[in-house]
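Undergrad: Here is a sequence together with a model predicted from it:
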Amino acid sequence: MAISTLTIDDDFEDRVLLARALDAGYRLIRRELATGVVVWEWEQGDAPRPQFASRHVALHWMGEVLEHGRGVAYVSNAGSAYRVAP
């Protein structure tokens, strides 16, 4: 497991988004599943962790969560629906 850090490739908006997510209690984590697939997931305590196939999509999703606040929902591959509150 690796926690996302700022990279030289991050643009200003990504840096701001990562800082806002951290302020809201989220950490972006890169994780390899048992199947060998690499996913990016947002960790916030014991809440369900949405997983994304790319860092770019994970950042976009967090931007939506932070912009729209409570009520942002996602559905897992298994069909479970969750609500996420920043």
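TA: Structure received. Numbers count the residues shown, from 1 in each chain.
Undergrad: name the element residue 63 belongs to?
TA: Using DSSP states H and E, residue 63 falls within helix 55-68.
Undergrad: oh, I was asking about residue 29
TA: Applying DSSP H and E, one finds residue 29 within strand 27-32.
Undergrad: Check which helices and strands the following helix or strand past that strand sits against.
TA: The helix or strand immediately downstream of strand 27-32 is strand 38-43, counting by DSSP H and E. If you count contacts as 3 or more C-beta pairs under 8 Å, 6 or more residues apart in numbering; DSSP states H and E, strand 38-43 packs onto strand 27-32, strand 51-52, helix 55-68. In this view, the C-beta of every residue, glycine as well, is placed from N, C-alpha and C.
Undergrad: Show me the contact partners of the shortest one.
TA: Put plainly, it is strand 51-52. Strand 51-52 has contacts (C-beta atoms under 8 Å, 6 or more residues apart in numbering) with 39, 40, 41, 58, 61, 76.
Undergrad: List only buried entries from those residues.
TA: 39, 40, 41, 58, 61 (16 or more other C-beta atoms under 10 Å).
Undergrad: Hmm, the third one is touching residue 31, no?
TA: Same thing as residue 41. Yes: between residue 41 and residue 31 there is a contact at 6.1 Å, judged by C-beta atoms under 8 Å.
Undergrad: hmm, back to that, quick check: which of the helices and strands packed on strand 38-43 is buried the most?
TA: Mean neighbour count (mean count of other C-beta atoms under 10 Å) peaks for strand 51-52 among the helices and strands packed on strand 38-43, with a mean of 18.
Undergrad: and it, which strands flank it?
TA: strand 38-43 (antiparallel) (DSSP bridges).
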